[in-house]
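Asks: A predicted structure for the sequence below; I have some questions about it.
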Amino acid sequence: MPEKRITIKATRYDPEKDEKPHLQSYEIPFYDESMVVLDALNYIKSDVDGSLSYRWSCRMGICGSCGMMVNGTPKLTCNAFLRDYWPQAIVVEPLNNFPIIRDLVIDMEDFMHKLKSIKPWIIRKQEIPLGAGEHRQTNEQIDDFRQFSQCINCMLCYAACPVYGLNDEFLGPAAIALARRYNLDSRDQGLKQRLPVIGDSEGVWECSFVGECSVVCPKGVDPAKAIQQTKLDTTMRFVLPYGNRE
Amino acid sequence: MSTGARQRPALMHLYWWFLFSQGGVIAALLIPVHVLIQGILGPLGVVRVVDRHYDTWVQVLGNPIVKLYLLVLIAVPFFHFAHRLRYLLVDFGMPVARTVPAQAVFYGGAVVVTLLTIWVLLTTAPLSLP
Amino acid sequence: MTAEPLPSPQRGEGQGEGRGYLWRMPAGWWTRKRHYFLYVVREFTALPLALWLLWLLVEIKRAGDGPARYSPHGSTAFVVFSVIVLLFALYHSVTFLSLTGVIIRVKLFDRPLPSGLISLAMFVLWAVASVVIGFVLIWFGR
């Protein structure tokens, strides 16, 4: 049986040698129907061209490391099956909207900074005394924020968001969804501390509800929903006569 | 990390978004039927519509509730349009549309339309209580 | 908590200044994906709707012309314009009212209502409002 093959076109960029990124073609064996794009990249690196650089870790869709553009769509490469593209060539590029450090590796400093800026931890006005035991939560209370807690920080949403692509000061989908995760957590009392960041001119108001972030999210977080709900909650707080304006 | 932070959200953006959302609801609920009847069925003569004839149009326009309705129908959606079109310019690669002068032009335009609408409603078809 | 703009790696600021091949948004980005294109169409609906409402304002103003000179718009061009506007208006209504289901969170007996139900309620409201207004426009034209 003739060996099945597939062509991968991957972005190459060496900041010390190249003026700009360019695609390099690799033709590799497609030896198993379960192969994903990450398998193809690993094969290239181990058998064809050891200089290819990219991030990956768990290879099972939970660490969020291997996000790249696959034929123009942000995807986790461990979750993009070659069989869905074969026999067409697959173009693998670094995530859109981020600076490229090398090959398929992007600079994620801005993303990390933004996550931190919304204080992604339980904030209490007063800690409950140790003797009182743990915080109790019903299933319904956890359901309130559960969806928004599923984020694996893979940055596909930032790659998909044209607002972020046009303006990197925009806080972005993952950061706002994470802020909402904490604001909705019954144990948290930190909404007022997060409000200046999420309600900033570069916060939720920049979002024009394109919705592509939620389309590409591999974990069903629905950051677009988080952002729109935040807009509404924040607005009601300041517009309603009995709203809390602090 | 800066400590000189704003204590409140950017209130102007909050209010623009509020007007945008209210205007969007009004535009979504009310505009299609007006376009269908006053823009298509009426002119084609399929039904007799109130604005096709002077006396029926003037009579209904004299009603203060109708004047209020028309003010809401026309003016509020313009804040929705202003917001959407301003951000559409941003999407097309014109970051100048995010600046304060641009906000003044777009939302100021909606205010102008509001004032114009009030003027037209007050000066056309004298108020007549039903 | 910060009021200053965050350092922008895209402008070569921040840790590792100047590092990275900077990203530039392609001019026709919204033509490259169907979803982006439909988003731009949705935003664009604001323009035809605004123009039609301005027409309505003119129609109201014309009532001040007096009975002899009153002449409502009725040309073929106007009807064609209205048909195009209607298509945009319907697109705005359908997209906007569906999305309200996403944004409005209502709880009944501690359980959130499904978003589909909220959107449905908005569509019902749309239908009722249209019937009522349509009735008024026609009834007072007889």
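Replies: That came through, no problem. Numbering: from 1, shown residues only, chains lettered A, B, ... in the order given.
Asks: host element of residue 23?
Replies: Reading this off chain A. When secondary structure is defined using DSSP states H and E, the element that contains A:Leu23 is strand A:22-29.
Asks: my bad, the chain I had in mind was chain C
Replies: Assigned by DSSP H and E, C:Trp23 falls within no helix or strand.
Asks: Quick check, pLDDT for it.
Replies: According to the prediction, C:Trp23 has pLDDT 93.
Asks: ditto for the one 10 residues further on
Replies: Confidence at C:Lys33, expressed as pLDDT, is 95.
Asks: Against B:Thr56, how distant is C:Arg69?
Replies: Distance from C:Arg69 to B:Thr56, counting by CB to CB, to the nearest Å: 16 Å. For every residue, glycine as well, the C-beta is placed using N, CA and C.
Asks: quick one on the thing from earlier: the strand holding A:Leu23 and chain C, are they touching?
Replies: No. Contact between strand A:22-29 and chain C, assessed by CB under 8 Å from any CB of the partner chain, is absent, since the two come no nearer than 11.0 Å.
Asks: So which of C:Arg69 and B:Thr56 has more stuff around it?
Replies: For C:Arg69 and B:Thr56, the more surrounded residue by other CB atoms under 10 Å in any protein chain shown is B:Thr56, and the numbers stand at 17 against 9.
Asks: ok, residues contacting the helix or strand hosting that one?
Replies: With the criterion set as DSSP H and E, the secondary-structure element containing B:Thr56 is helix B:54-61. For helix B:54-61, the external contacting residues (CB atoms under 8 Å, 6 or more residues apart in numbering or on different chains) are B:50-51, B:66-67, B:70, B:121, B:124-125, B:128, C:60, C:63, C:66-67, C:70, C:72, C:140-142.
Asks: What average pLDDT does it get?
Replies: Average pLDDT, helix B:54-61: 90.
Asks: In that helix, which of the residues would be classed as buried?
Replies: Using 16 or more other CB atoms under 10 Å in any protein chain shown as the burial criterion, the residues of helix B:54-61 that qualify are B:54, B:56-61.
Asks: Can I get those in JSON lines including distance to B:Val105?
Replies: Supplementary listing: those in JSON lines, determined by distance: CB to CB, whole Å:
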{"residue": "B:Tyr54", "distance to B:Val105": "37"}
{"residue": "B:Thr56", "distance to B:Val105": "38"}
{"residue": "B:Trp57", "distance to B:Val105": "33"}
{"residue": "B:Val58", "distance to B:Val105": "35"}
{"residue": "B:Gln59", "distance to B:Val105": "38"}
{"residue": "B:Val60", "distance to B:Val105": "35"}
{"residue": "B:Leu61", "distance to B:Val105": "31"}
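Asks: For chain A, state which of the residues you listed is nearest.
Replies: If you rank those by distance to chain A using CB to the nearest CB, B:Leu61 comes first, at 31.8 Å.
Asks: Quick check: that closest one vs C:Ala77, distance?
Replies: Counting by CB to CB, the separation of B:Leu61 from C:Ala77 is 25 Å.
Asks: And for C:His92?
Replies: With the distance defined as CB to CB, C:His92 ends up 23 Å from C:Ala77.
Asks: now swap in A:Asp49 and tell me
Replies: Separation of A:Asp49 from C:Ala77 (CB to CB) stands at 63 Å.
Asks: Quick check: the residue of chain C nearest chain B.
Replies: Closest to chain B within chain C is C:Ser82: 2.9 Å, counting by CB to the nearest CB.
Asks: can you check chain A too?
Replies: Here the residue of chain A nearest chain B is A:Gly199; by CB to the nearest CB that distance is 2.2 Å.
Asks: Next secondary structure after the helix or strand hosting C:Val80?
Replies: Taking DSSP H and E as the criterion, the element that holds C:Val80 is helix C:76-103. Using DSSP H and E, the next helix or strand after helix C:76-103 towards the C-terminus is strand C:107-108.
Asks: is the helix or strand that comes right after that next one up against chain A anywhere?
Replies: Beyond strand C:107-108 on the C-terminal side, the first helix or strand identified by DSSP H and E is strand C:111-112. Yes. Residues of strand C:111-112 are located near chain A by CB under 8 Å from any CB, namely C:111-112.
Asks: C:Glu96 reaches B:Gln22, doesn't it?
Replies: You called it Glu, but residue C:96 is Phe. No. Using CB atoms under 8 Å, C:Phe96 is not in contact with B:Gln22; the gap is 11.6 Å.
Asks: neighbour count winner among the two?
Replies: Counted by other CB under 10 Å, C:Phe96 and B:Gln22 do not tie: C:Phe96 has more neighbours, with 21 against 16.
Asks: Chain neighbours aside, what residue packs nearest to the more buried one?
Replies: In space, C:Phe96 comes closest to B:Ala28 once its chain neighbours are excluded; the distance is 4.4 Å by CB to CB, 6 or more residues apart in numbering or on different chains.
Asks: need the contact list for the one you found.
Replies: Residues near B:Ala28 by CB under 8 Å, 6+ apart: C:92-93, C:96-97, C:126.
Asks: And A:Val70, by the same measure?
Replies: When contacts are counted by CB under 8 Å, 6+ apart, A:Val70 is found next to A:37, A:77, A:80, A:85, A:90-92.
Asks: could you redo the last one with a cut-off of 10 Å?
Replies: Residues counted as contacts of A:Val70 (CB atoms under 10 Å, 6 or more residues apart in numbering or on different chains) are A:8, A:36-37, A:76-77, A:79-80, A:84-85, A:90-93.
Asks: which of those are buried?
Replies: When the contacts of A:Val70 are checked for burial by 16+ other CB under 10 Å, the buried set is A:8, A:36-37, A:76-77, A:79-80, A:85, A:90-93.
Asks: Sitting in helices, which of these do you find?
Replies: Filtering the buried ones among the contacts of A:Val70 for membership in helices, criterion DSSP state H, returns A:Val37.
Asks: any chance of the buried ones among the contacts of A:Val70 in TSV, plus distance to chain B and pLDDT?
Replies: What follows is the buried ones among the contacts of A:Val70, written out as TSV (distance: CB to the nearest CB, whole Å; pLDDT from 0 to 100):
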residue	distance to chain B	pLDDT
A:Ile8	32	98
A:Val36	33	98
A:Val37	30	98
A:Leu76	27	98
A:Thr77	29	98
A:Asn79	29	96
A:Ala80	28	98
A:Tyr85	30	97
A:Ile90	29	98
A:Val91	24	98
A:Val92	27	98
A:Glu93	21	98
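Asks: State the pair within the buried residues of helix B:54-61 that is farthest apart.
Replies: B:Tyr54 and B:Val60 (11.3 Å; CB to CB).
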